[in-house]
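Enquirer: Prediction below, plus the sequence it came from.
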Amino acid sequence: MSGYWSGILAILAINIIFAYGIFVTATAGQLNLGGAGFMAIGAYGAAMLGEQLGWTPALTVPAATLLTALVGIGIAFPVLRTRGVYMVLATFAFAQVVTGIILTQPALGGAMGLVVTEYVDLPVLLGVAAAVTIGVFWLTATRLGLAMRALHDDELVAVLMGVPARAVQVAGFAIGGGLAGLAGALYAHHFSFVEAQYFSPLLSIYVLLFVLIGGTQTAWGPLVGASFFTIVPELLRIGGSWRYVVFGVMIVAMMMFRPEGMVTRTLLARLMGRRRHADAG
Amino acid sequence: MPMLLEIEGLEVRYGRTHAVRGVSLGVATAEVVTVLGANGAGKSSLLKAIAGAVTPAGGRIIFDGADVTALSAPERVKRGLVLVPEGRQILVSLTVHENLLMGAYGRRDGDVARDIEGIYARFSNLAARRDMLASVLSGGEQQMLAISRALLARPRLMMLDEPSLGLSPLLVGRLFELVRELNRDGLAILLVEQNTRMALRTASRGYVMELGRIVLDGPADRLADNEALAAAYLGSH
């Protein structure tokens, strides 16, 4: 495999994990436009633990994931006091504060970034991405996952059925934040370098697009969305600068004709039905 | 008869709006009680406050002898105080089966699967659509699903907010038949309705609310004969 394609696969694995982080929070009904902030905390957390304390990735990655999950819990409380567009703005502001802190702290490398010595190779990234995918599929089938989806549909009804809304929403931010942090930690160890500029508002917007255009109804959505957004722009490279135009038009068309995302529960039901038919015939 | 639910001087405020003003009422074990009144009389706010979905500004809610005023909605559900809210009560991105599972959310016992099978035996339409999204159900089926879901919480008192809203006369008849059936099995029911005539025919007692206050109460047959009520609420029926 060429270095070019292995680089794309690494980004794909990281994007899938990152997208699941946003997806889990969205499943419970919360839009997180601060994804880059959570990812940055995971990346810098892993980098600092590795460089300052000499921990190996086997320790830095879980520790950074846990740290980001705790940050998720911490910011869930103020963020959950807001609703709708204000929540989106609050999460957006959070990410800005994170990059602001990184840029002004010399200990974190400031605008120069940090070099990360310990290397994690591609098979590990792909393995973790596969494990996260399976884990999120499992989560959506659990009691907690069901409660999250119910809250997303109708908070009043969910509460009247006995769902402790606040606790479930905080869990959504904790798991979602942790996964974004995991993506950041793997990014740091694979690309051996972190800088605040990478964790820009554009990154937060992209990952939210992966999830919204992939579809939030099933755990297939983020997988399909992240793969589409990572691979298609590369395939369009042959078209030169026109690729941005083509890609933009594709996104707009998607939003017009399929606002609920690429993968919906209805689509899955239809595919399953057809397969059952094929088995019978 | 021992009172299962007792409300004393309940107040609900939304900002400057005073939706419920000093309401006191009671529901006995295995009794059907109806609350009538025009739109905006405060009936839905009353039910939401009893269920714990809104915090009352004053008053007490006693359920089964215990003061539940400070308990959260999920804790009240666990005690058997369950509200079927008005309007779109269906979780549309969940399947019929998942909706039913949500009804049993607060339960930790092993009988949930058996109880769901019982629901399917009772409502064959739901059984036939168990793996479909609940959004494909008709209005009547959605109401049956909402009530079935509430039943899976093992309620001792079920509150129904305008269950007949938007249903055809045939389905309204079936709905009230179901309410009577559930009551015969020992379930206490607090019913808020616009369909005054059907509600008074089903309930043993009734309360009439106006602008947040209870203005009239008594046995259902007496309320049905009351001319003031007839003029105000039964005129169109």
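Expert: Okay, I see it. Numbering: from 1, shown residues only, chains lettered A, B, ... in the order given.

Enquirer: Skip the chain neighbours and tell me the closest residue to the residue of the stretch 101-250 of chain A at minimum distance from chain B.
Expert: As assessed by C-beta to the nearest C-beta, chain B sits closest to residue A:162 within the stretch 101-250 of chain A, at 3.3 Å. Where you see a C-beta, it was placed from the backbone N, CA and C, and this is true even at glycine. Leaving aside its chain neighbours, residue A:162 sits nearest to residue B:106 (3.3 Å; criterion: C-beta to C-beta, 6 or more residues apart in numbering or on different chains).

Enquirer: tell me the contacts of that neighbour?
Expert: Residues in contact with residue B:106 (C-beta atoms under 8 Å, 6 or more residues apart in numbering or on different chains) are A:161-162, B:74, B:77-78, B:153.

Enquirer: Let's verify it: helix, strand, or coil?
Expert: Assigned with DSSP: H, G, I helix; E, B strand; the rest coil, residue B:106 falls in the coil class.

Enquirer: can you give me phi and psi for it?
Expert: phi -80, psi 0 (degrees, to the nearest 10).

Enquirer: Test my guess that residue A:79 contacts residue A:89.
Expert: No - using C-beta atoms under 8 Å, residue A:79 makes no contact with residue A:89, being 9.9 Å away.

Enquirer: tally of neighbours for residue A:210?
Expert: Per other C-beta atoms under 10 Å in any protein chain shown, the neighbour tally for residue A:210 reads 26.

Enquirer: let me redo that: residue A:56
Expert: Residue A:56 is flanked by 12 other residues according to other C-beta under 10 Å.

Enquirer: Spell out the secondary structure type for the closest residue to it other than its chain neighbours.
Expert: Take residue A:56 and drop its neighbours on the chain: the residue closest to it by C-beta to C-beta, 6+ apart is residue A:118, 6.1 Å away. Local secondary structure at residue A:118 is given as coil here, using three-state DSSP.

Enquirer: State which helix of the chain is the longest.
Expert: I went with chain A, as the question did not name one. Counting by DSSP state H, the longest helix found in chain A is helix A:165-191.

Enquirer: could you do chain B instead?
Expert: helix B:169-184.

Enquirer: from the middle of its chain, how far away would that one be?
Expert: 13 Å (C-alpha atoms, centre = their mean, to the nearest Å).

Enquirer: For that helix, the averaged confidence score.
Expert: Here helix B:169-184 scores 94 as its mean pLDDT.

Enquirer: which residues sit against that helix?
Expert: For helix B:169-184, the surrounding residues in contact (C-beta under 8 Å, 6+ apart) are B:30-32, B:139-140, B:143-144, B:147, B:151, B:158, B:160, B:163-164, B:167, B:189, B:191, B:195, B:198, B:201-202.

Enquirer: Of these, keep whichever come out buried.
Expert: Among those, those classed as buried by 16 or more other C-beta atoms under 10 Å in any protein chain shown are B:30-32, B:140, B:143-144, B:147, B:151, B:158, B:160, B:163-164, B:167, B:189, B:191, B:195, B:198, B:202.

Enquirer: Tell me which entries of those residues lie within strands.
Expert: B:32, B:158, B:160, B:189, B:191 (DSSP state E).

Enquirer: Tell me who's in contact with the second one.
Expert: So the one you mean is residue B:158. Neighbours of residue B:158 in contact, by C-beta under 8 Å, 6+ apart: B:82-84, B:147, B:150-151, B:182, B:187-190.

Enquirer: So which of those residues is the closest to chain A?
Expert: Ranked by distance to chain A (C-beta to the nearest C-beta), the contacts of residue B:158 are led by residue B:83 at 5.2 Å.

Enquirer: all strands for chain B, in order.
Expert: Under DSSP E, chain B gives strands at B:3-14, B:17-28, B:32-36, B:58-63, B:66-67, B:81-84, B:157-161, B:188-192, B:205-210, B:213-219.

Enquirer: For residue A:113, which of those strands is the nearest?
Expert: Evaluated over the strands of chain B, closeness to residue A:113 peaks at strand B:3-14, with 51.4 Å, by C-beta to C-beta.

Enquirer: Can you list the strands that that closest one pairs with?
Expert: Next to strand B:3-14 in the sheet, as set by DSSP bridges, lie strand B:17-28 (antiparallel), strand B:58-63 (antiparallel).

Enquirer: Check which residues of that strand are buried.
Expert: B:3-8, B:10-13.

Enquirer: quick one, helices of chain A?
Expert: Here chain A has its helices, by DSSP H, at A:3-27, A:35-53, A:57-79, A:84-104, A:122-141, A:143-153, A:155-160, A:165-191, A:201-214, A:220-235, A:242-257, A:265-280.

Enquirer: The ones you listed into a markdown table, with extra columns for mean pLDDT and distance to residue A:112?
Expert: A markdown table is the format used below for the helices of chain A (pLDDT from 0 to 100; distance: least, C-beta to C-beta, whole Å):
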| stretch | mean pLDDT | distance to residue A:112 |
| --- | --- | --- |
| helix A:3-27 | 95 | 22 |
| helix A:35-53 | 96 | 13 |
| helix A:57-79 | 96 | 21 |
| helix A:84-104 | 93 | 10 |
| helix A:122-141 | 97 | 25 |
| helix A:143-153 | 94 | 40 |
| helix A:155-160 | 93 | 45 |
| helix A:165-191 | 97 | 15 |
| helix A:201-214 | 92 | 19 |
| helix A:220-235 | 91 | 28 |
| helix A:242-257 | 81 | 30 |
| helix A:265-280 | 70 | 47 |
